[in-house]
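Asks: what shape does this take:
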Amino acid sequence: MQIYKVGGAVRDRLLGRPVTEVDWVVVGSSAEEMQAQGFRPVGADFPVFLHPRTGEEYALARTERKSGRGYGGFTFYASPEVTLEEDLIRRDLTINAMAEDEQGRLIDPYHGQRDLEQKWLRHVSPAFAEDPLRVLRVARFAARYAPLGFRIAPETQALMRALSESGELQALTPERSWKEISRALMEPRPDVFIRVLRDCGALRELLPEVDALFGVPQPAAHHPEIDTGEHVLAVLRQCAGHDQPLSVRWACLLHDLGKGTTPAGEWPQHVAHEHRGLKLIRAVNARCKAPRECQELALLVGEYHSHAHRALELRPSTLLDLLQHFDIYRRPQRFEEFIQACEMDARGRQDQERRNYPQADYLRGAAAAARAVAVQPLLEQGLAGAALGEALKRERLRALEAYKASREPAPRLAEDETTDLTEQSPG
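Replies: Reported below is the predicted structural model:
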């Protein structure tokens with residue numbers, strides 16, 4: 001039995017990055033021998049075992065053969081005769097096909113170290129094209145390592161394009177796709193993930209609603225970047241730069257889907273795109289099986305992001321309706337994430353990345369004013385049921401009227417040319 005450290009742990013050590021997870025490959029052993037030594041089997045499709053003390057994964061060296069469609073369309077063969085090189089060649093990228101022996105010596109039959117040094121994401125063998133999930137994986141690695149200057153090798157791009165055109169991506173399960181998409185959105189450059197998918201044709205297959213945004217113009221006065229798809233990528237860059245959670249990043253990816261349905265004759269205006277986008281957001285949420293919190297925030301941001309951009313102009317009654325819709329009294333965090341998503345949207349515009357967004361603090365203050373209304377005095381008046389609800393609504397409206405009055409800006413001097421995002425068009 002020979003044990004090798006493989007994959008990401010080897011790659012990240014060579015890159016000087018923190019190693020957070022270690023995988024091992026066992027050559028020259030069998031499932032029976034592993035269990036006899038106390039390893040616990042966990043692999044349903046192929047022999048993977050947990051170390052009896054560390055809990056780390058140890059997999060028997062194996063080969064694989066394409067036997068059907070999609071990520072799961074493979075048969076695996078594991079036996080003591082399978083070599084380390086045979087195990088490594090089935091991996092996706094050369095930088096993931098390196099190993100270290102128990103003395104720390106590097107085994108690199110497919111030149112992964114050279115590609116690390118030259119910053120190439122390159123497939124190991126033509127078998128890469130047998131697994132459609134690898135299109136998403138390579139795009140995710142591109143999003144992770146873009147800040148280091150990594151790029152995808154042309155021959156690998158060609159295989160990704162062929163996979164996208166083959167229809168194999170349609171065989172991926174929503175669970176597998178979402179795992180890659182969600183991880184990619186949390187990488188340092190989630191916009192690179194979307195661009196790579198688009199460049200190889202995979203975005204059109206997986207997220208056609210997002211793909212449809214590219215080439216759709218917006219008013220230059222409010223969106224100097226013009227192209228809606230480019231705007232969405234810029235918003236994702238802002239999300240990563242501000243360390244936003246997954247729910248915010250997902251909502252930002254989908255917030256402008258309605259613009260993809262605007263008739264070309266109405267460009268660059270997108271009247272009621274918020275409402276038109278809701279059906280598309282629901283469709284993407286369902287198809288990807290996104291978690292509930294991601295689905296809910298995406299719909300709310302899609303419908304109300306223009307309200308946030310116009311927050312300082314909203315009437316107190318409209319502001320109260322907005323706060324009520326978000327259930328800010330029981331779910332304050334969801335409203336905070338909405339504000340963050342809208343700020344990322346506002347900043348994701350050419351030359352406006354560092355502009356002030358006073359709407360954020362204004363909305364937080366409005367929510368605080370509404371929450372500060374006490375229920376107890378109304379209860380002491382004997383109010384209950386619908387009457388209590390109406391009285392509480394009236395008191396909150398008064399609180400918001402007072403809040404808005406307190407925030408009214410002083411008259412601006414003629415020579416004051418200061419501007420901020422309050423003056424920007426919604427969307």
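Asks: tell me who's in contact with Gln170.
Replies: Glu205 (Cβ atoms under 8 Å, 6 or more residues apart in numbering). C-betas here are computed from N, CA, C, even on glycine.
Asks: do you know the pLDDT at it?
Replies: You'll see Gln170 listed with a pLDDT of 92.
Asks: can you check Arg134 too?
Replies: Here the pLDDT value assigned to Arg134 is 96.
Asks: again, but for Glu423
Replies: Reported pLDDT for Glu423: 38.
Asks: now Ala31
Replies: At Ala31, pLDDT is 89.
Asks: ok, and the closest non-adjacent residue to it?
Replies: What sits nearest to Ala31 in space, not counting adjacent residues and going by Cβ to Cβ, 6 or more residues apart in numbering, is Pro47, at 4.9 Å.
Asks: how close does that neighbour get to Glu130?
Replies: Using Cβ to Cβ, to the nearest Å, Pro47 is found at 21 Å from Glu130.
Asks: re the thing from before, OK, contacts around the residue nearest to Ala31?
Replies: Ala31, Met34, Pro41, Ala59, Leu60, Arg62, Ala78.
Asks: narrow those to those in strands?
Replies: In strands, defined here by DSSP state E, the members of these are Pro41, Ala59, Leu60, Arg62, Ala78.
Asks: pull the most distant pair out of those residues.
Replies: Farthest-apart pair in these is Pro41 and Arg62; separation 14.0 Å (Cβ to Cβ).
Asks: the more surrounded of those two?
Replies: The residue with more neighbours, out of Pro41 and Arg62, is Arg62; 18 against 12, by other Cβ atoms under 10 Å.
Asks: what's near enough to touch the residue nearest to the more buried one when sequence neighbours are not counted?
Replies: Spatial nearest neighbour of Arg62, chain neighbours left out: Ala78 (3.9 Å); criterion: Cβ to Cβ, 6+ apart. Listed by Cβ under 8 Å, 6+ apart, the contact partners of Ala78 are Ala31, Phe46, Pro47, Leu60, Ala61, Arg62, Thr63.
Asks: what about 6 Å?
Replies: Counting by Cβ atoms under 6 Å, 6 or more residues apart in numbering, Ala78 touches Pro47, Leu60, Arg62.
Asks: export only the CA atoms of the helix or strand hosting Asp361, formatted as CSV.
Replies: Using DSSP states H and E, Asp361 sits within helix 359-371. Extracted in CSV, the C-alpha atoms of helix 359-371 (Å, rounded to 0.1, in the frame of the first residue of the first chain):
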residue,chain,number,x,y,z
GLN,A,359,-30.0,55.7,0.1
ALA,A,360,-28.4,52.9,2.2
ASP,A,361,-28.3,54.8,5.4
TYR,A,362,-31.6,56.5,4.6
LEU,A,363,-33.3,53.1,4.3
ARG,A,364,-31.7,51.8,7.5
GLY,A,365,-32.9,54.9,9.3
ALA,A,366,-36.4,54.5,8.0
ALA,A,367,-36.5,50.9,9.1
ALA,A,368,-35.3,51.9,12.6
ALA,A,369,-37.9,54.6,12.8
ALA,A,370,-40.7,52.1,11.9
ARG,A,371,-39.4,49.5,14.4
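Asks: got the contact list for it?
Replies: So helix 359-371 is contacted by 308, 311-312, 319, 323, 328, 335, 339, 343, 396, 399-400, 403 (Cβ under 6 Å, 6+ apart).
Asks: what does stretch 211-231 give?
Replies: Residues contacting stretch 211-231 (Cβ under 6 Å, 6+ apart): 203-204, 232, 256, 259-260, 267-268, 348-351, 424-425.
Asks: JSON lines for those residues, including distance to Pro245, neighbour count and secondary structure?
Replies: Shown next, in JSON lines, are the contacts of stretch 211-231 (distance: Cβ to Cβ, whole Å; neighbours: other Cβ atoms under 10 Å; DSSP: H, G, I helix; E, B strand; the rest coil):
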{"residue": "Leu203", "distance to Pro245": "23", "neighbour count": "24", "secondary structure": "helix"}
{"residue": "Arg204", "distance to Pro245": "28", "neighbour count": "17", "secondary structure": "helix"}
{"residue": "Val232", "distance to Pro245": "18", "neighbour count": "25", "secondary structure": "helix"}
{"residue": "Asp256", "distance to Pro245": "20", "neighbour count": "27", "secondary structure": "coil"}
{"residue": "Lys259", "distance to Pro245": "24", "neighbour count": "25", "secondary structure": "helix"}
{"residue": "Gly260", "distance to Pro245": "25", "neighbour count": "22", "secondary structure": "helix"}
{"residue": "Trp267", "distance to Pro245": "33", "neighbour count": "14", "secondary structure": "coil"}
{"residue": "Pro268", "distance to Pro245": "32", "neighbour count": "16", "secondary structure": "coil"}
{"residue": "Gly348", "distance to Pro245": "17", "neighbour count": "24", "secondary structure": "coil"}
{"residue": "Arg349", "distance to Pro245": "22", "neighbour count": "21", "secondary structure": "coil"}
{"residue": "Gln350", "distance to Pro245": "25", "neighbour count": "13", "secondary structure": "coil"}
{"residue": "Asp351", "distance to Pro245": "27", "neighbour count": "8", "secondary structure": "coil"}
{"residue": "Gln424", "distance to Pro245": "25", "neighbour count": "19", "secondary structure": "coil"}
{"residue": "Ser425", "distance to Pro245": "27", "neighbour count": "13", "secondary structure": "coil"}
